[in-house]
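> this one's structure only:
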């Protein structure tokens, strides 16, 4: 049974931030059966329901091979996290009708050959799309980064940039649950309002309205910062370095402010690492996967008790995925950016 | 009994690197008795034998109050580590004739009121001056930084900058004793020769002869670097970031290349922290003082067995202390820079 299959392709490698024109919509055909033959042995064919727009994907659009994950292939379908329904399976672990989360393609139907990282989702009263956010890679990034990299202690002063985003919103809530004082930065008054009134941050500011980041940090943290969960890099990281307390920890999670590798302005305040004895650590959630079951349990439990809230920004239709993705880099999204490809 | 007391004073706060003219020699008088009176209760009066020139002292010559130790007072005697002989004591822990190591003044005789950090030296067959180097703060910095911050494993690839200096020479030898592959950089062919032929480094290079630091690091470490012991900051740190292996560790010990706080060029490659999951940590030896006895035992034992060698650069006479100190920042010293003020 052959059907139409809309796909989003990467046209060519990008420089700077992605534009919608770096991607294109193509309409192909696909047979809704796993093909016979050794190359697709063990594969599953899925219908994609939700696709996740994540900032790390910008890195895969660049012609840079020194990272932890190879670049996309120009002319090929973009890959990312998604929630999908199994249509046909050549794999004993999955059967038609199963809902799975994992790496899939930006298209209506995908043949997934690397099934090791697909996770079967037990349906319960949590929306399916949450499995690419709160209960997926971004949520787990927040969990592993906060508990394993930041080594938080009750009463410590925590600062989070891009704090209303997929990762930041959960870090802040975990920090509050842990008994920390939590301040976040974001790029609009609407987001600042969310931080203070929905996510329960103690304080928040709109960095676009602050001409002096050092001054606003000194105002929010007269005692200094113990933990900085850095999602943006650049100027904010530099200003934070001046305001860290002795034995402070910086979890370096993302550098969304750095539009390219080579044009970086450069960190000028790294000298502060020594007098303040700061630990600054880059990390990837994939190094902590042994903690994933514990994370799921902790997060679902707190979510169901109403102690954690989650906000996503849902765009409708695969054809709108490029715009949704591009919007991440100008802060257009409010909460975790997801694209709904199909209802079920 | 009043005697002459030559002293080296700081004239005023410096910008950039220190010059000899930032300091001046003054000849005062001192009574060789601890004065009577509550303000000097518990003090000791010492004759200074050896003074240590350490790069961190540049920081105390600047009008910057955000560090771990306050600036010197313009017009006052410079302070630093030294080895001294007790002449008179109002303190039950010290008596005339004792040899002590700790913070003293850049002068012939000093009245030391903060005696908590003075350490009595048991005379044995190790030269007294080694107690401001191999067995003092620089040696302990190497020990704590390597074992506690770098978490070394046998077989790992270790790079050390300013490797023939007071700290670097010991880090390299500890790393070799630990079974690591060790490369060092230094600023002259004489120093490179020392690294390879006296300190037993596997490889070494003169950074002043390399136009492309990234290329020389790739040549020395085709497999990448697990541990970087950073004594210089700046361009070298930036080049190293491009060559770190996954889960690498950077101990940030000194930034001797940074002539001032504000003129820093900036680190451009901090983005590498994420894909390589690098831990970059500033540290001070003073946070690890509980390990000092273990360090002394380990170092003396290895030194006496000939497994650790130590090279110092000894200048004669207090009046030459400013030049010796200034020389640190152009790499004039070969090995640990010490000034002999008196023989005994």
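Right, received. Where do you want to start? As the structure is a computational prediction, the values presented were derived from the model and not from experiment.
> what's the burial count for residue A:238?
Residues lying near residue A:238 (other Cβ atoms under 10 Å in any protein chain shown) number 21. All C-beta atoms are positioned from the backbone trio N, CA, C, and that covers glycine.
> and it, which of the three is it?
helix (DSSP: H, G, I helix; E, B strand; the rest coil).
> repeat for residue A:151
Residue A:151 ends up coil, using three-state DSSP.
> list phi and psi for it.
The phi/psi pair for residue A:151 (degrees, to the nearest 10) reads phi 40, psi 60.
> you'd agree it is up against residue A:250?
No - judged on Cβ atoms under 8 Å, residue A:151 makes no contact with residue A:250 at a distance of 11.7 Å.
> of these two, who's got more company?
residue A:250 (25 against 14).
> measure that one to chain B for me?
Separation of residue A:250 from chain B (Cβ to the nearest Cβ, to the nearest Å): 9 Å.
> surely that residue is in contact with residue A:283?
No - the pair residue A:250 / residue A:283 is not scored as a contact, 10.8 Å apart, by Cβ under 8 Å.
> what about the closest residue in space to residue A:45 that isn't next to it in sequence, how many residues nearby?
Nearest residue to residue A:45 in three dimensions, chain neighbours excluded: residue A:88, at 4.4 Å (Cβ to Cβ, 6 or more residues apart in numbering or on different chains). A count of neighbours around residue A:88, defined by other Cβ under 10 Å, yields 20.
> residue contacts, the residue nearest the centre of chain A?
By Cα atoms, centre = their mean, chain A has its centre lying nearest to residue A:138, at 4.0 Å. Residues near residue A:138 by Cβ atoms under 8 Å, 6 or more residues apart in numbering or on different chains: A:52, A:54, A:132, A:165-167, A:170, A:336.
> in JSON lines, list those along with neighbour count.
JSON lines is the format used below for those (neighbours: other Cβ atoms under 10 Å in any protein chain shown):
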{"residue": "A:52", "neighbour count": "27"}
{"residue": "A:54", "neighbour count": "24"}
{"residue": "A:132", "neighbour count": "30"}
{"residue": "A:165", "neighbour count": "33"}
{"residue": "A:166", "neighbour count": "31"}
{"residue": "A:167", "neighbour count": "28"}
{"residue": "A:170", "neighbour count": "28"}
{"residue": "A:336", "neighbour count": "28"}
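> those also near chain B: which ones?
When these are checked against chain B using Cβ under 8 Å from any Cβ of the partner chain, none falls in range.
> among these, which ones are in helices?
In helices, judged by DSSP state H, the following of these are found: residue A:170.
> so can I have JSON lines of the contacts of residue A:138 showing pLDDT?
As requested, the contacts of residue A:138 are exported to JSON lines (pLDDT from 0 to 100):
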{"residue": "A:52", "pLDDT": "98"}
{"residue": "A:54", "pLDDT": "96"}
{"residue": "A:132", "pLDDT": "97"}
{"residue": "A:165", "pLDDT": "95"}
{"residue": "A:166", "pLDDT": "95"}
{"residue": "A:167", "pLDDT": "97"}
{"residue": "A:170", "pLDDT": "98"}
{"residue": "A:336", "pLDDT": "97"}
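> just the contacts of residue A:138 now: which is nearest residue B:175?
Distance to residue B:175 across the contacts of residue A:138 (Cβ to Cβ) is lowest for residue A:167, with 36.6 Å.
> how far away is that closest one from residue B:5?
62 Å (Cβ to Cβ, to the nearest Å).
> check contacts around the closest residue in space to residue A:39 that isn't next to it in sequence.
What sits nearest to residue A:39 in space, not counting adjacent residues and going by Cβ to Cβ, 6+ apart, is residue A:113, at 7.7 Å. Going by Cβ under 8 Å, 6+ apart, residue A:113 touches A:39-40, A:42-43.
> and residue A:135, helix, strand or coil?
Residue A:135 - assigned by three-state DSSP - is coil.
> what's it in contact with, if anything?
A:126, A:296, A:299-300.
> what is the nearest of those to residue A:278?
For the contacts of residue A:135, the minimum distance to residue A:278 (Cβ to Cβ) is 28.7 Å, reached by residue A:299.
> confirm the closest one sits in a helix?
Yes - using three-state DSSP, the assignment for residue A:299 is a helix.
> that one and chain B, how far apart?
From residue A:299 to chain B the distance is 23 Å (Cβ to the nearest Cβ).
> now do residue A:277
Taken as Cβ to the nearest Cβ, the span from residue A:277 to chain B is 5 Å.
> what segments of the stretch 151-300 of chain A are helices?
Secondary structure of the stretch 151-300 of chain A, counting by DSSP state H, counting those that start in this stretch: helices at A:168-177, A:189-197, A:213-220, A:234-241, A:292-304.
> so of these, which one's packed in deepest?
Comparing these by mean neighbour count (mean count of other Cβ atoms under 10 Å in any protein chain shown), helix A:168-177 comes out on top with a mean of 26.
> now do it and helix A:292-304, the angle between them.
Relative orientation of helix A:168-177 and helix A:292-304, computed by axes from the mean of the first three to the mean of the last three Cα atoms, to 10 degrees: 80 degrees.
> closest residue of chain A to chain B?
Per Cβ to the nearest Cβ, residue A:266 is where chain A lies closest to chain B, at 2.3 Å.
> I'd like to know how far that residue sits from residue A:235.
The value you get for residue A:266 to residue A:235, if Cβ to Cβ is used, is 10 Å.
> with residue A:334 instead?
23 Å.
> so which residues on chain A come close to chain B?
Proximity of chain A to chain B, by Cβ under 8 Å from any Cβ, involves residues A:66-68, A:233, A:237, A:242, A:246-247, A:252-255, A:258, A:261-262, A:264-284, A:287.
> change it to 6 Å
Chain A has residues A:67-68, A:252, A:255, A:258, A:264, A:266-268, A:270-271, A:273-275, A:277-284 near chain B, with proximity defined as Cβ under 6 Å from any Cβ of the partner chain.
> sorry, back to before: distance of the residue nearest to the centre of chain A from residue A:144?
If you go by Cβ to Cβ, the gap between residue A:138 and residue A:144 works out to 11 Å.
> what does residue A:185 give?
22 Å.
> before we move on, back to that, quick check on the contacts of residue A:113: which are buried?
In terms of neighbour count (16 or more other Cβ atoms under 10 Å in any protein chain shown), the buried residues within the contacts of residue A:113 are A:40, A:42-43.
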